[in-house]
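Got a predicted model here, sequence first, then my questions.
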Amino acid sequence: MSAERPAAAGPGAGGAPAPAGTGVAGAARIAAAFATARGEERAALMPYMMGGFPDPEGSLRVAAAYADAGADLIELGVPFSDPLADGPVIHAAATAALDAGTDIGSVLEVCRSVSDRVPVVLMAYTNMVLGGSGPEDFGRRASEAGAAGVIVPDLPFGEDESLRQALTDCGLAVVPLIAPTTLGERRAEICEVASGFVYVVSTVGTTGERGELPPDLRELVDDVRSRADVPVAVGFGIATPGQASEVGQSADGVIIGSRLVRMIADADDLSAGLEAVAGFLAESAAAMAGDGSRPVR
């Protein structure tokens, strides 16, 4: 894996606002990133970061470090005071970001700073999307900042489809989640309307590092891949390059979050933290390098 990749080609590339009414532009950028990884016989690497952490200026440096280290996509969290899906590490980062004065505008500045290099997928809770002037305004601003998609973890499938449609109309892929507890029929329904990719939650519970991957994770991923027409990425609990490699043998993408956020939080200063995450991402990329053993999609 090279240290830096060019921005994905296609509609909406380069951070330009996407055409309204389709959702195609963001989905096309995401598809191109996964296609590049697939062409190299590996899973796409998608590190997560908390917007505004450790502070708004510092998070610009984190995003640049991720892109420099070879991220195929970046998941960018919007800090929220009550993040139900997040464990203590990311929750603490959200609190620190809010205390540092982070708002949606400063998060979108992080998005804008790197969206011409890699597709950025926002992770925002429903209240953040509905707040302010509503989902149409959120979607417009996100699209203008170059975002390719949005994950709304507390928006159950089938509920408030107007919110999903508003984001789609702004050219954003709305990425759904599937958990181990999601039943087969509902998995099929979610996969049928998925845009960008399907986010498979590896384990029940909140985000956070795990010592071991669930023994039935591959079975879950294989089942979702068999139902979905878009790539399938796995997140929650991936804490080592070895785990990233293992997940990447079945999934189209690997999302790493809490481990990277913790490295920034535990470092003596931001420069040391950036060096640590760059090294970890390089190790993960090397572990995930294509060897021809991945299933063909």
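Here it is on my side, so go on.

I'd like the mean pLDDT over the helix or strand V174 falls within, please.
For V174, the element it lies in under DSSP states H and E is strand 173-175. Across strand 173-175, pLDDT averages out at 96.

elements contacting it?
Where contact means 3 or more C-beta pairs under 8 Å, 6 or more residues apart in numbering; DSSP states H and E, strand 173-175 is packed against helix 24-39, strand 149-151, helix 161-169. The way it works is simple: take the backbone N, C-alpha and C, and place the C-beta from them, glycine included.

Of those, which stretch is the most buried?
strand 149-151 (a mean of 28; mean count of other C-beta atoms under 10 Å).

now what about that one, what contacts it?
By C-beta atoms under 8 Å, 6 or more residues apart in numbering, the surrounding residues in contact with strand 149-151 are 26-27, 30, 75, 119, 121-124, 129, 139, 142, 167, 172-175, 177, 195-196, 199.

which residues of the stretch 101-250 of the chain fall in helices?
Assigned by DSSP state H, counting those that start in this stretch, the stretch 101-250 of the chain shows helices spanning 104-114, 126-130, 135-144, 161-169, 184-193, 217-227, 241-248.

Now render those helices as JSON lines, adding distance to A69.
Output for those, formatted as JSON lines (distance: least, C-beta to C-beta, whole Å):
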{"stretch": "helix 104-114", "distance to A69": "12"}
{"stretch": "helix 126-130", "distance to A69": "27"}
{"stretch": "helix 135-144", "distance to A69": "24"}
{"stretch": "helix 161-169", "distance to A69": "29"}
{"stretch": "helix 184-193", "distance to A69": "31"}
{"stretch": "helix 217-227", "distance to A69": "25"}
{"stretch": "helix 241-248", "distance to A69": "13"}
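
can you put these in TSV and add distance to F280 and mean pLDDT?
As requested, the helices of the stretch 101-250 of the chain are exported to TSV (distance: least, C-beta to C-beta, whole Å; pLDDT from 0 to 100):
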stretch	distance to F280	mean pLDDT
helix 104-114	18	97
helix 126-130	28	91
helix 135-144	28	96
helix 161-169	31	92
helix 184-193	31	92
helix 217-227	21	94
helix 241-248	7	94
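
closest to G58 out of those helices?
Taking C-beta to C-beta, helix 104-114 is the member of the helices of the stretch 101-250 of the chain nearest to G58, at 10.0 Å.
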